[in-house]
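A.B. asks: Predicted structure and sequence below. I'll ask about it afterward.
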Amino acid sequence: MILSRHGSISIMQIFLLPKNEIYLVDIHTLGSSAFSTLSASGTTLKTILEDETIQKAFFDVRNDSDALYSHFGIHLAGIQDIQLLELATRSGSRRFINGLARCIERDAVLSGSEARTWRDIKEKGRGLFAPEHGGSYEVFNARPLSEEIILYCAQDVRILPRLWAAYNGKLGSSWRGRIEVATRDRINVCFQAGYTGVGRHMAFAPSGWA
């Protein structure tokens, strides 16, 4: 099962940087009300996700955009794609993008104990949900969530601010406009009738970046 127009959204992970807090939003149970329920200030999760002035960071926003728009009519805006930040600040070839795990291993500057904990949580999670390891994706829809799945959902999003800081600090001004255009293109894959979020094409850098 892949996060896309052809799959579903079970859990949405949100790391709120000013408060250093992680929220796991139960989309499987709440459905569209997760995005339309008004806060005390009159905002909704949908309005936040679509607000150009509220900066949000994703790692490879393509399938997230496809799923959010296809299932809930959400057109993302105000997005910084950390995967593209890494690509833009890379000193070597830019032909292929790097996945999240590789970026964390290379650039998140985890301590030895942090790295061991991160790998342990990842392996335990894979054992529960990955079919090739005898697991099932249905573990994300089981309620209550197991502690192992909660930790799995929370761990990567907790590290994203470290990656953003590492790449943004090295980003030259000439790249910012190119990243903005490429991110907008990635968000707008949700409008492409033939878009599919799996395959070799997903590994290539944006056109003209190699």
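C.D. replies: In hand now; what should we look at?
A.B. asks: Please count neighbours and contacts with C-alpha atoms only from this point.
C.D. replies: OK.
A.B. asks: got the contact list for the residue nearest to Lys56 when sequence neighbours are not counted?
C.D. replies: Nearest residue to Lys56, sequence neighbours excluded (CA to CA, 6 or more residues apart in numbering): Ile79, at 4.9 Å. Shown in contact with Ile79 (CA atoms under 8 Å, 6 or more residues apart in numbering): 52, 55-58, 183.
A.B. asks: export whatever helix or strand Leu151 lives in as PDB, just CAs?
C.D. replies: Using DSSP states H and E, Leu151 sits in helix 147-168. Provided in PDB are the C-alpha atoms of helix 147-168 (Å, rounded to 0.1, in the frame of the first residue of the first chain):
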ATOM      1  CA  GLU A 147       3.700   1.400  21.000                       C
ATOM      2  CA  GLU A 148       6.100   0.200  18.300                       C
ATOM      3  CA  ILE A 149       4.000   1.900  15.600                       C
ATOM      4  CA  ILE A 150       3.600   5.100  17.600                       C
ATOM      5  CA  LEU A 151       7.400   5.300  17.900                       C
ATOM      6  CA  TYR A 152       7.900   4.400  14.200                       C
ATOM      7  CA  CYS A 153       5.500   7.200  13.100                       C
ATOM      8  CA  ALA A 154       7.100   9.700  15.400                       C
ATOM      9  CA  GLN A 155      10.800   9.100  15.000                       C
ATOM     10  CA  ASP A 156      11.500  10.400  11.500                       C
ATOM     11  CA  VAL A 157       9.400  13.600  11.800                       C
ATOM     12  CA  ARG A 158      11.300  14.400  15.000                       C
ATOM     13  CA  ILE A 159      14.500  14.400  13.000                       C
ATOM     14  CA  LEU A 160      13.300  16.500  10.100                       C
ATOM     15  CA  PRO A 161      14.200  19.900  11.700                       C
ATOM     16  CA  ARG A 162      17.800  18.800  12.000                       C
ATOM     17  CA  LEU A 163      17.900  18.000   8.300                       C
ATOM     18  CA  TRP A 164      16.300  21.200   7.400                       C
ATOM     19  CA  ALA A 165      18.800  23.200   9.500                       C
ATOM     20  CA  ALA A 166      21.700  21.300   8.000                       C
ATOM     21  CA  TYR A 167      20.700  21.900   4.400                       C
ATOM     22  CA  ASN A 168      19.200  25.400   4.700                       C
END
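A.B. asks: which residues touch the helix or strand following it?
C.D. replies: Next along the chain after helix 147-168, taking DSSP H and E as the criterion, comes helix 173-187. Helix 173-187 has contacts (CA under 8 Å, 6+ apart) with 61-62, 65-66, 75-76, 79-81, 84-85, 88, 206.
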